[in-house]
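> the following block contains a protein sequence and its predicted model.
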Amino acid sequence: MSLVLGIDPGSRITGYGLIDVQGSRLSYVDCGCIRTEESALPARLKKIFDGLSQLVETHRPSQAAIEEVFVGRNASSALKLGQARGAAMAACLQSKLEVSEYSARQVKQAVVGTGAAQKGQVQHMVKALLGISDTLAEDAADALAVAICHTNTQRSLIGLAGAKSFSRKRLR
């Protein structure tokens with residue numbers, strides 16, 4: 001069993017999704033959102049860090065993946081998003097959980113088949129791939145998509161190498 005944690009970072013809402021990977025089968029485990037209150041940025045970053053730390057401690061995933069920062073027109077928003085990503089990554093790294101990073105385009109390509117997919121298409125495919133009938137919060141669906149992208153990328157790397165398995169841990 002390989003439990004993968006996907007993270008869709010945000011300074012106001014950080015989505016998370018957990019999937020179980022057994023061979024070529026993906027199973028939904030859990031998803032949700034860490035919502036920060038209307039407070040100062042340091043308090044929001046602490047809430048993201050604490051929430052993900054608790055999640056990692058409870059579920060003990062073996063792998064984690066996070067979406068990269070998309071830099072739009074607003075530099076201030078991009079900086080805040082980068083800080084939220086840092087808090088999320090630190091929460092994983094404190095438990096010695098290595099974190100892989102993927103662009104939004106890579107995630108959409110892996111889940112929908114096109115990097116230009118719309119949010120609704122991503123949400124639909126996540127639900128179809130994981131057999132979820134309930135409505136998903138947008139950020140939680142995006143986090144599950146990041147976990148699926150990571151799984152597909154790892155499978156591709158294993159296939160390219162002709163290996164039967166793959167470990168990201170370093171040999172000493």
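Okay, I see it.
> show the low-confidence segments of this structure, by residue range.
For the chain, applying pLDDT under 70 flags the ranges 1, 156-172.
> just the helices in it please.
41-59, 75-93, 104-112, 119-130, 138-161 (DSSP state H).
> can you redo these as TSV with mean neighbour count and distance to Asp20?
Where you see a C-beta, it was placed from the backbone N, CA and C, and this is true even at glycine. What follows is the helices of the chain, written out as TSV (neighbours: other Cβ atoms under 10 Å; distance: least, Cβ to Cβ, whole Å):
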stretch	mean neighbour count	distance to Asp20
helix 41-59	17	10
helix 75-93	18	18
helix 104-112	20	17
helix 119-130	17	10
helix 138-161	21	10
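> dump these into a markdown table; add distance to Thr14 as well.
Formatted as a markdown table, the helices of the chain follow (distance: least, Cβ to Cβ, whole Å):
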| stretch | distance to Thr14 |
| --- | --- |
| helix 41-59 | 5 |
| helix 75-93 | 6 |
| helix 104-112 | 15 |
| helix 119-130 | 17 |
| helix 138-161 | 7 |
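> what's the first-to-last distance across stretch 5-13?
End-to-end span of stretch 5-13 (Cα to Cα, to the nearest Å): 16 Å.
> any idea how far it is from the middle of the chain?
The chain centre lies 7 Å from the centre of stretch 5-13; the measure is Cα atoms, centre = their mean, to the nearest Å.
> ok, stretch 136-154 next?
5 Å.
> for stretch 42-56, same thing?
So, by Cα atoms, centre = their mean, the centroid of stretch 42-56 is 15 Å from its chain's centroid.
> then stretch 58-71?
With Cα atoms, centre = their mean, you get 4 Å for stretch 58-71.
> mind listing what's buried along it?
For stretch 58-71, the neighbour count (16 or more other Cβ atoms under 10 Å) marks 61-69 as buried.
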